Each structure stands twice: as structure tokens, then as C-alpha cells.
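S.K.: model this:
(one chain, ligands or ions: 1)
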Amino acid sequence: MKIHIITIFPESFISYFWSSIIKKAIDSNLIEFKYYKLNDFSSNNFKRVDSKAYWMHWQVISPEPLSKAIEHVFRVIWKKVKVIYMSPSWDLLTQEKVENYYNKLWEEFIIICGHYEWIDQRIIDLYVDYCISIWEYVISSWELATQVFVDSIARNIPWVLWNNTSLEEDSFSKKFNRQKEYPVYTKPDIFMWKKVPEILLSGNHKKIEEWKLKNLT
Ligand SMILES: C[S@@+](CC[C@H](N)C(=O)[O-])C[C@H]1O[C@@H](n2cnc3c(N)ncnc32)[C@H](O)[C@@H]1O
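M.R.: Here you go, the predicted structure:
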């Protein structure tokens, strides 16, 4: 999977994408990121990419540099791929939707990150295929919303998780009817007077599977 990220802050992806599961996926060539610094597409002498919103007191990202950056990616990769914009108010992500987005986007896509209050609406009208929300609350960072989305998509790529069973048996998986996962225990068998359920120590696989389904929370 190849993901093109247009952003003013490429460095903000380093700490997270250079650790954890995503780092392992990059090292195994399962996922590749290309970053495009939005300011490089500005024709302004000071590389500014924002302007004051009409009749508002805040700044927004101007359409020209964003449009140039998106067209640049289309040209470099020689194809028109889907363009994503993260936004609190649009399509709310669920695990089922993550799986659908993975199926639609698995090969290659672009994510645009804005800054200030918003991006010019015409970029959304002209270029954006999917506006995706990580849920109904507002965070200040386009980059953080992008990282949440990318992580949720990336774990669906075969071999990204060391154990694919965990993907099948995660909370909200199809196998569990989109319900939350069952409780999980490890050694010791007794901790502060609390015992591991007897059935999990029995070694009876059939009964354990039944217990898991009965104990979805
Ligand atoms: C301060 S928010 C802008 C909020 C915008 N003015 C509004 O009222 O919808 C900055 C950016 O972070 C990202 N963001 C914030 N919360 C998000 C969420 N729940 N889901 C997806 N993206 C989010 C979006 O890209 C958003 O434009």
C-alpha cells in the first residue's frame, strides 16, 4: 500500500510511523509513505499557503497550493487515485467502514492535511473522494486524525499484524458480530484473589470458543 500525504508538517508523522506496527510494515515493504510539503507548492515569496476566510476571523488554506500539490502527485504516479480529507463532521468511521475503505483504497491513495481553521471548500468539491471522521469530537491536528485513519487501515494489510487471528477476533470484527471483545487473561492463575475463569484452564477448545462468544462485552 502506498500513501501520499500532503501536509505542512511532514515531521509530525515521524514519531508514530517510525515506531510500532507501522514501522514494521514500512521495513517489510508492506506500506510506503510519501510526504509532500504543502509550502513547496506556494507561489508566495514567503511560502505562505493560507489566506483570511471571507467574512470570518480565521485563516484557511488557499486552494492554489493544495490543488498544485494534488495535481503534482497525480502526475508523479501517472494515475488519478482517490483523495481523502479528514473532517470531524462527515463519514463517521466504524470498524466495518475501515474494512470497506481498506478494500477500496488498498493500493494507493492521497490524504490532504490542512492547517489553521479549514481548507477552501472548492478543494473538497473538486478533488476529495472521501471525507472521513474519526468520530464526533474535534481535535486540533489534521496529522493526528490522518495517523488514526492510516493505522486502522494498515492493520488490514496481510502480514502487518504478526498474528492475523487478532484481526479476526478484535472488537467489532465480523466474526463477533461487530460486538466488543471478550475479557483476556494471562498468568498467574490467581491475582489478588481474582481467578482466571476455570474454562480457560481446561484446554477444551470447543468449550473455550463457546465461552468467548458468550462473554463478548
Ligand atoms: C480544529 S479542526 C477544524 C474543525 C472545523 N472547523 C469544524 O468545525 O469541523 C482541525 C482539523 O483536524 C481534523 N480533525 C479534527 N477532528 C477530527 C475528527 N473527529 N475526525 C477527523 N478529522 C478531524 C480535520 O482535518 C479538521 O479540519
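
S.K.: middle-most residue in the protein, spatially?
M.R.: Central residue check for the chain by CA atoms, centre = their mean: the C-alpha nearest the mean position is that of residue 149, 1.3 Å away.

S.K.: and the protein, which of its residues are near the ligand?
M.R.: Residues of the chain lying close to the ligand by CB under 6 Å from any ligand atom are 86-89, 114, 117-118, 133-135, 137-142, 145. Yep, even glycine has a C-beta here, placed from its N, CA and C like the rest.

S.K.: what's near enough to touch the residue nearest to the centre of the chain?
M.R.: Shown in contact with residue 149 (CB atoms under 8 Å, 6 or more residues apart in numbering): 84, 86, 93, 111, 132, 134.

S.K.: mind giving me a markdown table with the residues you listed and columns for neighbour count, secondary structure and pLDDT?
M.R.: Listed next are those as a markdown table, based on neighbours: other CB atoms under 10 Å; DSSP: H, G, I helix; E, B strand; the rest coil; pLDDT from 0 to 100:
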| residue | neighbour count | secondary structure | pLDDT |
| --- | --- | --- | --- |
| 84 | 23 | strand | 98 |
| 86 | 26 | strand | 95 |
| 93 | 19 | coil | 97 |
| 111 | 25 | strand | 98 |
| 132 | 23 | strand | 96 |
| 134 | 18 | coil | 96 |
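
S.K.: now the helix or strand bottoming out on mean pLDDT in the chain: buried residues?
M.R.: Lowest on mean pLDDT, DSSP states H and E among the helices and strands of the chain sits helix 164-168, with a mean of 74. The neighbour-count check on helix 164-168 (16 or more other CB atoms under 10 Å) flags residue 167 as buried.

S.K.: for stretch 168-185, same thing?
M.R.: By neighbour count on 16+ other CB under 10 Å, the buried set for stretch 168-185 is 173, 176, 181.

S.K.: where is pLDDT lowest across the residues you listed?
M.R.: When the buried residues of stretch 168-185 are compared by pLDDT, residue 176 scores lowest at 79.

S.K.: so what's that residue up against?
M.R.: 169, 213, 216.

S.K.: for it, helix, strand, or coil?
M.R.: Assigned state for residue 176: coil (three-state reduction, DSSP: H, G, I helix; E, B strand; the rest coil).

S.K.: and what of residue 68?
M.R.: helix.

S.K.: any idea how many residues pack against it?
M.R.: Neighbour count for residue 68, taken as other CB atoms under 10 Å: 16.

S.K.: repeat that for residue 208.
M.R.: 14.

S.K.: so it touches residue 198, yeah?
M.R.: No: at 10.9 Å, residue 208 does not count as touching residue 198 under the criterion of CB atoms under 8 Å.
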